[in-house]
Each structure stands twice: as C-alpha cells, then as structure tokens.
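In: Show me how the following folds:
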Amino acid sequence: MRTEFRDEPCKTALSSVKGMRFGWSLNPYMGCAHRCVFCYVRAFERRADRPWDERYGASIRVKTNVAEVLERELSKRSWKRESVTIGSATDPYQPAEGTYKLTRQCIEVFARKRSPFAIITRGPMIVRDIDVLQKASTRAEVTVSFSIPTLDRAAWRLTEPGTAPPQQRLRALEKLVTSGIDAGVSIAPVLPGISDRPSQLDAVVRAAREAGATHLWTGMLHLGPGIREHFMESLARNWPELVPRYERMYARDYVSRRESRGLETLVDALEARYGVADRRERPLIPPPAARQLVLV
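Out: The predicted model follows:
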C-alpha cells in the first residue's frame with residue numbers, strides 16, 4: 001500500500017485520557033502504517049469519517065510542530081509532571097518517524113522539562129534514540145513497552161501486516177535494557193484461538209525474560225464498533241472456523257471477566273516460572289523446578 005504523508009500542524013500536543021491506565025497521551029502522528037487488524041484506533045477514525053477499513057494507514061497525518069507545542073505545554077505552571085503515554089493512538093516509531101524524527105524531538109523536550117513519560121511501540125527503530133532515552137531517564141521516570149502479542153509468524157503476518165517481526169522487537173528490547181532503560185513487553189491483544197494457547201504465551205514470556213524485560217502486561221482483544229467489522233472480515237478470510245466462536249465470545253465488546261482473568265492468571269504464572277525480573281538491578285535467576293507448568 002502506498003502511504004501519503006500530510007503535514008498537519010497541531011494546536012495542542014497533550015490529550016487528557018479517561019478510562020485508560022494513564023491520564024495523558026501524546027501522538028506525534030495520526031494514522032498508522034502498521035495497519036494491525038485489531039487496532040482500536042479504527043473506531044475513532046470511523047467516527048471522524050476517515051478511512052478505517054482496508055484503507056486505514058494509507059494516509060498519515062504528521063504533526064510537524066508537535067515538539068514546539070509540547071514544550072509550551074510542559075512549561076506551564078499548571079503542569080504537574082504527570083506521566084504521559086506516547087503512542088496511545090498510533091505507533092510513535094512507525095516508518096514516518098525515520099523521516100520526521102518527531103518522537104525523538106518530543107523525548108528531548110521531556111528530558112529538558114524533567115517530565116516522566118512512557119512509550120508503547122512495535123517499532124525497533126526506537127534503538128536509534130537510546131541516547132536521548134538515557135538522558136531523559138536520569139531526569140524523570142521513563143518506561144518503554146514493546147507490544148508483542150505473539151511469536152507465531154503466521155498470526156503475526158496476518159494480523160500485524162505493517163510491523164517488524166516480533167524477534168526484531170525483542171532484540172530492540174534487549175538493547176534498551178542493556179543500556180539501562182526500563183523496557184518490558186505488552187502481550188496484547190491476545191486473540192482467542194489464534195494466539196492464546198498456553199504454549200504460545202509461554203514462548204512470548206520466555207523470550208521476554210531472555211531479552212531482559214523489566215515487566216510484563218497482558219490483555220485480551222476487545223471488539224468495539226469500528227474494530228469489530230474490520231477484524232471479523234479478516235477473521236472470516238483467514239480463520240473462518242473461528243467465526244462462530246468469536247460471535248459467541250464477543251456478544252459484547254469485551255470477553256467475559258472469567259476469560260480475561262484466566263489469561264491474566266496464566267501469564268502471571270509464566271512470569272513467576274521464568275523469574276522475570278529487572279536485570280538492571282539484579283541478575284535473572286533460573287526458576288525453581290517446582291514452578292514448572294504443564295503446557296499444551
């Protein structure tokens with residue numbers, strides 16, 4: 001797919017967020033060339049009457065002045081240095097960043113203002129910015145989370161068509177941790193029947209541990225309006241046998257609490273099994289045999 005880049009200066013850089021794990025977000029770009037079939041931003045694009053289906057990712061809006069606007073906002077007396085999540089609505093290290101370097105510029109602003117931030121990405125390009133991440137982390141809390149839902153190559157290719165392979169993300173993670181950056185893995189979204197087998201989850205947690213992940217987090221797919229339509233089309237095309245199961249599981253936007261709790265419990269057990277720890281502070285210790293799980 002050919003991607004169009006549109007320069008769109010912004011009036012504000014920071015957005016207040018409700019109903020999420022974080023209170024503020026920053027997105028140097030809008031639209032994402034990664035084109036993940038489960039991306040929840042498709043719902044926002046649909047409501048804004050912008051391409052959200054197969055055309056999503058064909059047009060990337062570039063906030064060319066975002067770093068300057070961010071500096072003004074962080075300089076206000078009213079700013080209380082709350083943590084800001086970079087990449088909540090679009091990947092800050094998608095290919096456009098290689099040209100525009102807006103994410104890097106924003107990190108430099110956070111460092112100057114000694115203001116904390118977290119980054120969510122699928123982009124190994126982040127290793128380019130280890131120098132500014134190191135500087136920022138000496139002045140405020142900095143956290144990076146690599147989204148790695150699965151290591152299954154078939155599932156990855158069909159659900160994250162524009163992203164770098166998961167193994168590249170793991171290598172980037174290891175470089176960041178070795179450089180002293182707090183970096184972990186978000187195993188999300190997990191897709192029922194596609195990437196939720198215990199053996200698949202075990203592979204991700206084990207690889208995260210070997211790469212030195214400082215933390216793990218997991219979550220199940222949700223299918224709100226605007227996400228559901230595109231995802232179900234992809235499911236019917238690639239895994240038609242799973243369509244009835246999804247129709248049952250997703251009568252509402254989210255799976256049942258029992259289903260999501262089961263996933264969290266399994267990942268917690270795997271995290272304990274492999275002894276995931278922050279190896280910047282202490283060596284990783286091989287897990288005791290008593291913690292071994294039976295996986296299928």
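In: from memory G23 sits against S16, does it?
Out: Yes: counting by CB atoms under 8 Å, G23 does reach S16; the two are 6.8 Å apart. (Each C-beta comes from the backbone N, C-alpha and C, glycine too.)
In: which one of those two has more residues nearby?
Out: More crowded of G23 and S16, by other CB atoms under 10 Å: G23, with 14 against 9.
In: That one and L133: what is the separation?
Out: Distance of G23 to L133, given as CB to CB, to the nearest Å: 22 Å.
In: Could you check how many residues crowd around R77?
Out: So R77, with other CB under 10 Å, has 5 neighbours.
In: actually R114, not the one I wrote
Out: Neighbourhood size, R114 [other CB under 10 Å]: 12.
In: Spatially nearest residue to it, not counting backbone neighbours?
Out: R139 (4.4 Å; CB to CB, 6 or more residues apart in numbering).
In: now swap in L242 and tell me
Out: G193 (4.7 Å).
In: got a list of contacts for stretch 65-74?
Out: 9-14, 26, 28, 63, 79, 102, 105-106, 108-110, 112-113, 115 (CB atoms under 8 Å, 6 or more residues apart in numbering).
In: Of those, which count as buried by neighbour count?
Out: 10, 13-14, 26, 28, 63, 102, 105-106, 108-110, 113, 115 (16 or more other CB atoms under 10 Å).
In: Among those residues, which are located in strands?
Out: Under the assignment DSSP state E, the buried ones among the contacts of stretch 65-74 contribute L14, L26 to strands.
In: Relative to S75, which of the buried ones among the contacts of stretch 65-74 is nearest.
Out: Ranked by distance to S75 (CB to CB), the buried ones among the contacts of stretch 65-74 are led by K113 at 6.9 Å.
In: my read: that closest one touches S75, true?
Out: Yes: K113 is within contact range of S75, at 6.9 Å (criterion: CB under 8 Å).
In: all strands in this protein, in order from the N-terminus.
Out: 4-7, 14-16, 24-26, 29-30, 59-62, 84-86, 117-121, 142-147, 182-190, 216-220.
In: Now P92. Nearest residue, chain neighbours left out?
Out: Spatially, and ignoring its direct neighbours in sequence, P92 is nearest to T103 (4.1 Å; CB to CB, 6+ apart).
In: show me what contacts that neighbour?
Out: P28, I86, P92, Y93, E97, I119, D129.
In: give the contact list for the first one.
Out: Right, the one you point to is P28. V62, K63, V66, I86, P92, E97, Y100, L102, T103, C106.
In: my guess is Y29 meets K101, correct?
Out: No: using CB under 8 Å, Y29 makes no contact with K101, being 11.6 Å away.
In: which residues in the stretch 151-296 of the chain form helices?
Out: Listed in chain order, the helices of the stretch 151-296 of the chain (DSSP state H, counting those that start in this stretch) span 153-159, 166-178, 198-211, 228-238, 243-249, 257-274.
In: Tell me how far S59 lies from W24.
Out: Relative to W24, and taking CB to CB, S59 is found at 26 Å.
In: Neighbour count for the two, which is higher?
Out: W24 (20 against 16).
In: how about the more buried one, what does it touch?
Out: W24 neighbours (CB under 8 Å, 6+ apart): L14, S15, S16, V17, E82, S83, V84, T85.
In: which among these end up buried?
Out: L14, V84, T85.
In: Which residues does the second one form beta bridges with?
Out: This means V84. For V84, the beta-bridge partners under DSSP bridges are W24, F117.
In: correct me, but it touches S115?
Out: Yes: assessed by CB under 8 Å, V84 is found in contact with S115 at 7.2 Å.
In: coming back round to it: mind checking which of Y29 and K101 has more residues around it?
Out: Y29 (25 against 15).
In: mind checking pLDDT for that one?
Out: Per-residue pLDDT puts Y29 at 95.
In: Please apply the same query to the one 4 residues further on.
Out: At A33, the predicted lDDT confidence score is 87.
In: close enough to count as contact, it and V62?
Out: No: counting by CB under 8 Å, A33 stays clear of V62, with 11.8 Å between them.
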